[in-house]
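Trainee: need coordinates for the below:
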Amino acid sequence: MIDILTISSDPAQASAIARIVAAGESHHRVSTSTAGLADLCAHQQALDGVDLLVIDGAQMTQQDFGTLTALTAQRAGLACMLLAPSPSADLLIRAMRAGVRDVQPWPADPKDLQHAIEGIAQKVTGTRCEGRVISFVSCKGGSGTSFLAANLGFAASAVGKRTLLIDLNQQFGEAAFLVSEVTPPATLADVSIQIDRLDPAFLDACLTHVSDRFDVLAGTPDPAKAKEIKPEHLQRILHLVRSQYDLIIFDIGQSISNISIAALDQSECIFPVLQLSLPYLRGGRRLLDIFRSLGYRGDKVRVLVNRYQKKGPVGLPELEKALGLRVASVIPEDGASVSASINQGVPILRLAKSSGVAKSLSELVRSLSPPPANDRRGILQKFFGKPVLSRA
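Mentor: As a prediction, the model looks like this:
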């Protein structure tokens with residue numbers, strides 16, 4: 001999956017191109033723009049996070065080709081595709097000199113265009129190591145989402161995965177203190193306020209380094225500062241960290257906003273966290289309704305039951321029937337170990353490695369391991385080919 005920007009001076013044309021691209025089986029993230037190449041070259045922040053630029057070349061001028069040459073030289077990682085009616089040999093040569101990867105006729109056969117996009121996408125993803133993105137969402141307050149997200153991050157780092165936890169819980173923003181006693185040097189809001197300074201060195205200075213392989217970008221407990229965080233800031237941060245980490249975890253908390261939706265859209269899988277009681281069941285149904293309205297597919301959502309007890313007020317079969325989804329993971333009740341971990345600010349895998357909670361988190365990490373490289377394409381197609389969430 002890559003990020004694609006289609007540009008055309010004609011909004012209808014840009015949308016038509018985007019619809020064909022977005023209809024492909026890989027479900028690439030597609031956006032549109034009516035900005036000209038000169039505008040993009042002058043305001044290159046609009047290209048942050050973009051992997052492929054698809055250009056409507058129906059009215060390309062020699063000056064446009066010069067601008068495109070400068071743009072591709074400045075952004076070596078940006079792939080470009082040109083769409084043109086009946087492309088001539090001269091156009092192909094000029095496009096090649098300008099750094100364009102491929103030229104396709106427009107109007108295009110949808111399957112041919114999607115096939116060409118896939119060819120470029122495979123080359124783009126093959127030249128970078130893109131970290132997996134997952135999110136934890138609370139179905140109701142007190143579900144233990146922050147504890148699970150933070151401790152899963154530590155568990156993943158313990159088996160060699162470079163892991164980053166981004167705390168989006170705007171109500172509390174204290175996930176860092178669940179696994180560390182160090183006061184965070186900066187928060188997500190601080191990074192957003194200074195987003196123009198964003199680079200690897202600046203971000204590293206803002207992170208809480210829990211261990212050699214586990215970092216936390218702390219949340220913002222101040223609601224006023226949290227308003228500084230914008231979806232586009234999150235996009236820029238994600239684009240930067242995906243090549244640096246094997247796993248990026250969002251702790252979203254209970255709030256569904258434009259910020260959290262931006263994180264959920266980018267997530268490969270989402271873990272709604274609940275407990276076996278009627279209030280959590282009602283909250284879970286509401287949350288799954290929201291996911292359905294956002295168009296998330298069934299395999300993207302993996303129900304996680306926390307503080308599981310066999311003799312709880314609601315059984316797993318009743319929960320699955322009510323939600324219309326199977327439970328993907330279960331974390332057992334272990335109040336003593338969890339309380340000790342929280343009170344000391346020490347990861348539970350370090351404090352109580354033999355506890356049921358620690359073992360379940362380690363098992364969850366194993367379930368997130370990527371498939372072998374030679375099988376990845378088929379599995380991803382199967383992953384994205386499942387139907388959307390079914391209703392109970």
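
Trainee: what segments of the stretch 201-350 of the chain are helices?
Mentor: 223-226, 231-241, 258-266, 278-293, 316-323, 335-344, 348-351 (DSSP state H, counting those that start in this stretch).

Trainee: dump the fourth one to CSV, restricted to CA.
Mentor: In other words, helix 278-293. Presented in CSV, the C-alpha positions along helix 278-293 are these (Å, rounded to 0.1, in the frame of the first residue of the first chain):
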residue,chain,number,x,y,z
LEU,A,278,-22.8,-5.3,29.2
PRO,A,279,-21.6,-1.7,29.2
TYR,A,280,-18.5,-2.7,27.2
LEU,A,281,-20.6,-4.8,24.9
ARG,A,282,-22.8,-1.8,24.1
GLY,A,283,-19.8,0.4,23.6
GLY,A,284,-18.2,-2.2,21.4
ARG,A,285,-21.3,-2.3,19.2
ARG,A,286,-21.3,1.4,18.8
LEU,A,287,-17.6,1.5,17.9
LEU,A,288,-18.0,-1.3,15.3
ASP,A,289,-20.9,0.7,13.8
ILE,A,290,-18.5,3.6,13.4
PHE,A,291,-15.9,1.4,11.8
ARG,A,292,-18.5,0.1,9.3
SER,A,293,-19.5,3.7,8.4
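
Trainee: just to revisit the earlier point, can I get the helices of the stretch 201-350 of the chain in CSV with distance to G144, mean pLDDT and mean neighbour count?
Mentor: Glycine gets a C-beta too; all of them are placed from N, C-alpha and C. Shown next, in CSV, are those (distance: least, CB to CB, whole Å; pLDDT from 0 to 100; neighbours: other CB atoms under 10 Å):
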stretch, distance to G144, mean pLDDT, mean neighbour count
helix 223-226, 22, 80, 14
helix 231-241, 24, 90, 19
helix 258-266, 18, 94, 19
helix 278-293, 11, 94, 17
helix 316-323, 16, 92, 16
helix 335-344, 8, 95, 15
helix 348-351, 11, 96, 20
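
Trainee: which one of those lies closest to A38?
Mentor: helix 231-241 (21.4 Å; CB to CB).

Trainee: summarise which helices and strands the closest one is packed against.
Mentor: helix 188-193, helix 200-206, helix 258-266 (3 or more CB pairs under 8 Å, 6 or more residues apart in numbering; DSSP states H and E).

Trainee: in JSON lines, list those along with distance to A226.
Mentor: What follows is the helices and strands packed on helix 231-241, written out as JSON lines (distance: least, CB to CB, whole Å):
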{"stretch": "helix 188-193", "distance to A226": "6"}
{"stretch": "helix 200-206", "distance to A226": "16"}
{"stretch": "helix 258-266", "distance to A226": "8"}
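
Trainee: so which of those is nearest T72?
Mentor: Nearest of the helices and strands packed on helix 231-241 to T72, taken as CB to CB: helix 200-206 at 22.6 Å.

Trainee: ok, and for the closest one, which residues are buried?
Mentor: L203, C206 (16 or more other CB atoms under 10 Å).

Trainee: and that helix, average pLDDT?
Mentor: Taken as a whole, helix 200-206 carries a mean pLDDT of 91.

Trainee: low pLDDT regions in the stretch 1-150 of the chain?
Mentor: Low-confidence segments of the stretch 1-150 of the chain, defined by pLDDT under 70: 1, 26-27, 125-129.

Trainee: domain ranges for this structure?
Mentor: 3-125, 132-368 (the TED database).

Trainee: deepest-packed of those, please.
Mentor: domain 132-368 (a mean of 19; mean count of other CB atoms under 10 Å).

Trainee: from the chain's centre, how far out does that domain sit?
Mentor: Mean C-alpha position of domain 132-368 versus that of the full chain (CA atoms, centre = their mean, to the nearest Å) differs by 12 Å.

Trainee: start to end distance for that domain?
Mentor: End-to-end distance of domain 132-368 (CA to CA, to the nearest Å): 9 Å.

Trainee: ditto for stretch 299-313
Mentor: 27 Å.

Trainee: got the contact list for that stretch?
Mentor: Here stretch 299-313 makes contact (CB atoms under 8 Å, 6 or more residues apart in numbering) with 136, 143-144, 148, 267-278, 284, 288, 291, 316, 319-320, 323, 325-333, 364, 383-384, 386, 389.

Trainee: could you do stretch 92-102 as well?
Mentor: 57, 65-66, 68-69, 71-73, 79-82, 87, 103, 116, 119-120, 123.

Trainee: go with 10 Å
Mentor: Applying CB atoms under 10 Å, 6 or more residues apart in numbering, the external contacts of stretch 92-102 come out as 37, 52-55, 57, 60, 62, 64-73, 75-76, 78-84, 87-88, 91, 103, 113, 116-117, 119-120, 123-124.
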